[in-house]
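Colleague: Have a look; sequence and predicted model below, questions after that.
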Amino acid sequence: MKRSDFHIHTNYSDGVFTPEKIVDTALEAGLQAIALTDHDNILSYDIAQKYLNEIGKQDELEIIQGVEVNTLYKNYEVHILGYFMDPNNEDFQKLMKAQQQARINQTLEIIDLLDKKENIKISFDSIKAQVAEGGSIGRPHIAKAITNAGGTNSVIEAYSKYINDNSPVYVQRKTVSPQDAVEIIYDAGGVPVIAHPHDIDIAEDLIKDLMNYGLRGIEAYHRKHSPAVVEYFSSMAEKLGLIVTGGSDFHAPNILNGQILLGKHFIPEWIYDKLIQEKKRLDMA
């Protein structure tokens, strides 16, 4: 058993810390296993692993290669976590490439509409500069660019005015389905898990459907999940024969909770064992 956190973002998507900073912070917090789960790319893993080896702490911390794939289903945004995928799998590589292109296309369309309809001029480069090279751009970066350009007084205002389905300048991302994401992760040797299911009011029916495509787990432990929600999804996982995972879904330091909201505060140590056992089971299947 290990103290773990299996949902962490870096500056290769919408997190603020570099992979190296995440490693340092995890070590300081006494974590023994983490998964880097950036949106729609896996670039941070190699950097974090190289840094861990350089500082000679590989015996103290295990880094698991993860990803969080943003998908759409019946107008619901559904996030699918994947762990232990083969990064060289052809279909998985195609998925990552397609997701990156969808993010670029969405951003360019929104930039164009902001200019034409709101006379707010932002550049693609001002958005791209907010993430590490090759990382995933997204709505938080667009909102920040709008604010920096004087279009709004805050990022929250940018979201309420422009980054939502009711806005005339917002364009929904043309992304993969959760069924396809689960199947591709599973076929690439990974363990697919539905992220923070409390966000989806059709979660139970969707989880049962996704099991037909290879879904193997439910993220019951999440910083936004109350004890009752954790119990609800843990019971569902047990009933359906799925594993339970958990993570802080860390993006940025939280003033109220210290430097980082780490899973060690609320994720049972047995979560690690269940994930490792599931990976071994899939490898033997």
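Modeller: Looks like it came in fine.

Colleague: number of nearby residues for the closest residue to residue 134 other than its chain neighbours?
Modeller: Once flanking residues are discounted, residue 134 sits nearest to residue 43: 5.5 Å by CB to CB, 6 or more residues apart in numbering. In this view, the C-beta of every residue, glycine as well, is placed from N, C-alpha and C. Applying other CB atoms under 10 Å, we find 20 residues neighbouring residue 43.

Colleague: quick one: contacts for residue 43?
Modeller: 12, 132, 134-135 (CB atoms under 8 Å, 6 or more residues apart in numbering).

Colleague: and it, how far is that from residue 135?
Modeller: 6 Å (CB to CB, to the nearest Å).

Colleague: Give me the common contacts of the two.
Modeller: residue 12.

Colleague: separation between residue 217 and residue 168?
Modeller: 39 Å.

Colleague: Which one's more surrounded, the two?
Modeller: Each of residue 217 and residue 168 has its neighbours counted (other CB under 10 Å); residue 217 has more, 24 against 10.

Colleague: which residue packs closest to that one, ignoring adjacent ones?
Modeller: residue 193 (3.7 Å).

Colleague: Can you tell me the element that neighbour falls in?
Modeller: strand 191-194 (DSSP states H and E).

Colleague: How about residues contacting that strand?
Modeller: The contact list for strand 191-194 (CB under 8 Å, 6+ apart) reads 78-84, 178, 181-182, 185-186, 203, 206-207, 210, 213-219, 243, 245, 275, 278-279, 282.

Colleague: Taking those residues, please make a ChimeraX selection of just the buried ones.
Modeller: Buried residues within the contacts of strand 191-194, by 16 or more other CB atoms under 10 Å, are selected in ChimeraX with:
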select :78,79,80,81,82,83,84,178,181,182,185,186,203,206,207,210,213,214,215,216,217,218,219,243,245,275,278,279
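
Colleague: Now, the contacts of strand 191-194 that are in strands?
Modeller: Mapping the contacts of strand 191-194 onto strands (DSSP state E) picks out 78-83, 217-219, 243, 245.

Colleague: what's the closest of those to residue 151?
Modeller: When the ones in strands among the contacts of strand 191-194 are compared for distance to residue 151 (CB to CB), residue 79 wins out at 27.6 Å.

Colleague: List the beta-bridge partners for the closest one.
Modeller: residue 70 (DSSP bridges).

Colleague: from memory it sits against residue 68, does it?
Modeller: Yes - using CB atoms under 8 Å, residue 79 is in contact with residue 68, at 5.4 Å.

Colleague: can you list residues touching both of those two?
Modeller: By CB under 8 Å, 6+ apart, the residues touching both residue 79 and residue 68 are residue 195.

Colleague: Need the residue closest to the centroid of the chain.
Modeller: residue 68 (3.4 Å; CA atoms, centre = their mean).

Colleague: Quick check on the closest residue to that residue other than its chain neighbours: phi, psi?
Modeller: Distance criterion CB to CB, 6+ apart; nearest residue to residue 68, sequence neighbours excluded, is residue 37 at 4.5 Å. Residue 37 adopts backbone torsions of phi -130, psi 60, taken as degrees, to the nearest 10.

Colleague: okay but residue 37 is in contact with residue 8, surely?
Modeller: Yes - with contact defined as CB under 8 Å, residue 37 and residue 8 form a contacting pair (6.2 Å).

Colleague: which residues are common contacts for these two?
Modeller: In contact with both residue 37 and residue 8: residue 247, using CB under 8 Å, 6+ apart.

Colleague: what pLDDT does the residue nearest to the centre of the chain get?
Modeller: With respect to pLDDT, residue 68 scores 98.

Colleague: which phi and psi does it have?
Modeller: Torsion angles, degrees, to the nearest 10, at residue 68: phi -120, psi 110.

Colleague: Next, the contact list for it, please.
Modeller: 7, 9, 13, 37-40, 79-82, 195.

Colleague: Could you dump the residues you listed into JSON lines and include pLDDT and distance to residue 145?
Modeller: What follows is the contacts of residue 68, written out as JSON lines (pLDDT from 0 to 100; distance: CB to CB, whole Å):
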{"residue": "7", "pLDDT": "95", "distance to residue 145": "26"}
{"residue": "9", "pLDDT": "96", "distance to residue 145": "19"}
{"residue": "13", "pLDDT": "97", "distance to residue 145": "16"}
{"residue": "37", "pLDDT": "98", "distance to residue 145": "24"}
{"residue": "38", "pLDDT": "98", "distance to residue 145": "20"}
{"residue": "39", "pLDDT": "98", "distance to residue 145": "17"}
{"residue": "40", "pLDDT": "98", "distance to residue 145": "19"}
{"residue": "79", "pLDDT": "98", "distance to residue 145": "23"}
{"residue": "80", "pLDDT": "98", "distance to residue 145": "27"}
{"residue": "81", "pLDDT": "98", "distance to residue 145": "28"}
{"residue": "82", "pLDDT": "98", "distance to residue 145": "29"}
{"residue": "195", "pLDDT": "98", "distance to residue 145": "26"}
